[in-house]
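Trainee: can you look at this prediction? I've put the sequence above it.
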Amino acid sequence: LNIITAPNDVLTMVCYTPQSLNINFLAEMFALMDQHKGLGLAAPQVGLPARFFITSWGEVFVDPEIIPIEEYGKVVVPEGCLSIPGETYEVERWRVVEVNGKRYGDVAAIVIQHEADHLDGILISEKGKLCQSTTPKS
Ligand SMILES: [Zn+2]
């Protein structure tokens, strides 16, 4: 597998819901994410327009429903993206989100929202503001 970088149609399409996941494909994605020191990696970033992503803490999210916990408000943080090398964007995110009844905050919440955007074909270059600093990528 290779990381697909923008511009590429697979990064801007709304992905389909997968019927099943291939364990070997997932293992290759984890290896690729680790190799690039990513915090997360979504299937379209490796050329597969399917609704799933992996995270650096080892969870696999399949067609997740992201529920914002609005009482915690929003944050604006600089984000990088493995599919947009060398650029950092300030993006507004919910501070806390819930997925499958489990709550995630801080970096995990941001990674989940970033990767979930990939499943809808949304890149940080579209919803964020270009800035200068460097930051971990997902
Ligand atoms: Zn990304």
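Mentor: Sure thing, it's come through.
Trainee: the one residue sitting closest to the centre of the chain and E71, how far apart?
Mentor: A centroid search over the chain (Cα atoms, centre = their mean) returns E115, at 1.7 Å, as the residue closest to the centre. Distance, E115 to E71, using Cβ to Cβ, to the nearest Å: 23 Å. From N, CA and C alone the C-beta is placed, and that goes for glycine too.
Trainee: and what of A50?
Mentor: Noted for A50: a distance of 33 Å to E71, by Cβ to Cβ.
Trainee: okay, now the unreliable bits of this structure?
Mentor: Scanning the chain for pLDDT under 70 picks out 132-138.
Trainee: which strands border the biggest strand by length in the chain, and is each parallel or antiparallel?
Mentor: Scanning the chain for the longest strand, with DSSP state E as the assignment, gives strand 84-94. Strand 84-94 pairs in its sheet with strand 74-81 (antiparallel), strand 129-131 (antiparallel), by DSSP bridges.
Trainee: run through who's touching the last one.
Mentor: In other words, strand 129-131. Strand 129-131 is contacted by residues 78, 87-91 when judged by Cβ atoms under 8 Å, 6 or more residues apart in numbering.
Trainee: just those residues now: which is nearest T17?
Mentor: V91 (25.1 Å; Cβ to Cβ).
Trainee: contact partners for that closest one?
Mentor: Contacts of V91 (Cβ under 8 Å, 6+ apart): 76-77, 79, 114, 124, 127-129.
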